[in-house]
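[1] sequence-free structure coming up:
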């Protein structure tokens, strides 16, 4: 069964720092990997989707990389801002499932202070 | 704008009651899903549906029921058989069969037993 792990579980940094959030998964047979943001009490907002054939995706100050062979992805946040404070979730769609279901990590809770 | 609408945002249930959570999407997605989120845990799959009039159990289906009479709608009923229903419930959709396109999530319903 696919297992997704996110490190660290929590991160607190001053404004302006560049950050790296880590995600690892146990089975490299995936269709894609998706990074989400969740604000307290809210739903999930998709940040970046990386197809299994891609190595990275960029959106503004966010860059996500994927190394399927090692089962790792990183989310890089440049020049962090207090508005980036949220929980970041990593999820993979598994080729082993006929559904193509999402497997989630438990998230990294990020706090950016002014 | 296309998206997923969940209602109500907050729901309170008395012991022994059944309650129904609404999920509507106008994305023309074939597949819809229900996830449960508890503090400190990852999202867990309750039920999913890939086409109208068909749905399958996920990992934690006991005490829940669903229907899929229309493509746009996938309501979740939390029955009295669900012993610990207090949680945050998230509905999602995707283009079935095209697993490279990722998921879209609603804003969630917080259910509390009183």
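    Done, it's in. Computed from a predicted structure; not experimentally measured.

[2] ramachandran angles for the nearest residue to residue B:4 once chain neighbours are set aside?
    In this structure, residue B:4 finds its nearest non-sequential neighbour in residue B:106, 3.8 Å apart by Cβ to Cβ, 6 or more residues apart in numbering or on different chains. (Glycine included, C-beta is placed from N, CA and C.) When read as degrees, to the nearest 10, the backbone of residue B:106 gives phi -80, psi -180.

[3] wait, residue B:106 sits on residue B:21?
    No. With contact defined as Cβ atoms under 8 Å, residue B:106 and residue B:21 do not form a contacting pair (9.9 Å).

[4] can you tell me which helix or strand of chain A has the lowest average pLDDT?
    None of the helices or strands of chain A scores lower by mean pLDDT, DSSP states H and E than strand A:102-104, at a mean of 90.

[5] now tell me what touches that one from outside.
    Contacts with strand A:102-104, where a contact means Cβ atoms under 8 Å, 6 or more residues apart in numbering or on different chains, come from A:2-4, A:25, A:34, A:89-94, B:33, B:42-43, B:45, B:92, B:103.

[6] strands - which of those residues land there?
    Counting by DSSP state E, those place A:4, A:25, A:34, A:89, A:90, A:91, A:92, A:93, A:94, B:33, B:45, B:92 in strands.

[7] show me which of these is closest to residue A:107.
    Closest approach between the ones in strands among the contacts of strand A:102-104 and residue A:107, by Cβ to Cβ: residue A:89, at 4.7 Å.

[8] what subset of the contacts of strand A:102-104 is buried?
    A:2, A:4, A:25, A:34, A:89-94, B:33, B:42-43, B:45, B:92, B:103 (16 or more other Cβ atoms under 10 Å in any protein chain shown).

[9] coming back round to it: and the residue nearest to residue B:4, how many neighbours?
    Residue B:106 has 23 neighbours, counted by other Cβ atoms under 10 Å in any protein chain shown.

[10] please apply the same query to residue A:71.
    Using other Cβ under 10 Å, residue A:71 has 19 other residues around it.

[11] quick check: closest non-adjacent residue to it.
    In space, residue A:71 is closest to residue A:25, 4.9 Å off (Cβ to Cβ, 6+ apart).

[12] same question for residue A:43.
    Setting aside the residues directly before and after it, residue A:43 is nearest to residue B:107 in space (Cβ to Cβ, 6+ apart), at 4.0 Å.

[13] same check, this time on residue B:9
    In space, and not counting its chain neighbours, residue B:9 is closest to residue B:109: 6.4 Å by Cβ to Cβ, 6+ apart.

[14] got the contact list for the one you found?
    Applying Cβ under 8 Å, 6+ apart, the residues contacting residue B:109 are B:6, B:7, B:8, B:9, B:10, B:11, B:21, B:88, B:89.
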